[in-house]
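Engineer: Sharing a model that was predicted from the sequence below.
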Amino acid sequence: MSDDIETDLDEAEEVRAAETEARLRAENKAERAERAERMAREGAQAMAEHLAAQVAVDERTKRLRALRLAKEASDAQAAATAKQEADEAKAAKERSRKAASRKTAKKD
């Protein structure tokens, strides 16, 4: 009879071990599923942040390009105005020199 009791105890122990193993497998599976879900969520968040940063860089680039082009246009306009003024000053000086040489020629 003690053999029967030991066999029953061994069977009960095997059942408990199998139940424990099944429970651990189920817990591990749940943990893996939870981790996979968390990683997917974090990955989606990281991608959204990356795309937002990329959009911000593109917007800054557009703004800075517009500012640079406006400055270049302003500088070109200023250079053209300065050249025109210099040309006008040179022409006025030339006219003044010619007028002075005519006065000198008339006096002689």
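Structural biologist: Right, received. Where do you want to start?
Engineer: And the average pLDDT for the helix or strand where Glu13 lies is what?
Structural biologist: Taking DSSP states H and E as the criterion, Glu13 maps to helix 2-107. When pLDDT is averaged over helix 2-107, the result is 90.
Engineer: how distant is it from the center of its chain?
Structural biologist: Computed by Cα atoms, centre = their mean, to the nearest Å, the chain-centroid distance of helix 2-107 equals 0 Å.
Engineer: From the centroid of the chain, which residue is nearest?
Structural biologist: In the chain, the residue lying closest to the centroid (Cα atoms, centre = their mean) is Gln54, at 2.9 Å.
Engineer: roughly how far apart are it and Ala18?
Structural biologist: 53 Å (Cβ to Cβ, to the nearest Å). Every residue, glycine included, has its C-beta placed from N, CA and C.
Engineer: Equivalent analysis for Leu64, please.
Structural biologist: 68 Å.
Engineer: cool, Glu85 as well?
Structural biologist: Counting by Cβ to Cβ, the gap from Glu85 to Ala18 is 99 Å.
Engineer: count of neighbours near Leu9?
Structural biologist: 10 (other Cβ atoms under 10 Å).
Engineer: Then the one 5 residues further on?
Structural biologist: Around Glu14 sit 10 other residues, with neighbours defined as other Cβ under 10 Å.
Engineer: And for Ala73?
Structural biologist: 10.
Engineer: do the same with Ser96
Structural biologist: Neighbours of Ser96 under the rule other Cβ under 10 Å: 10.
Engineer: again, but for Ala56
Structural biologist: So Ala56, with other Cβ under 10 Å, has 10 neighbours.
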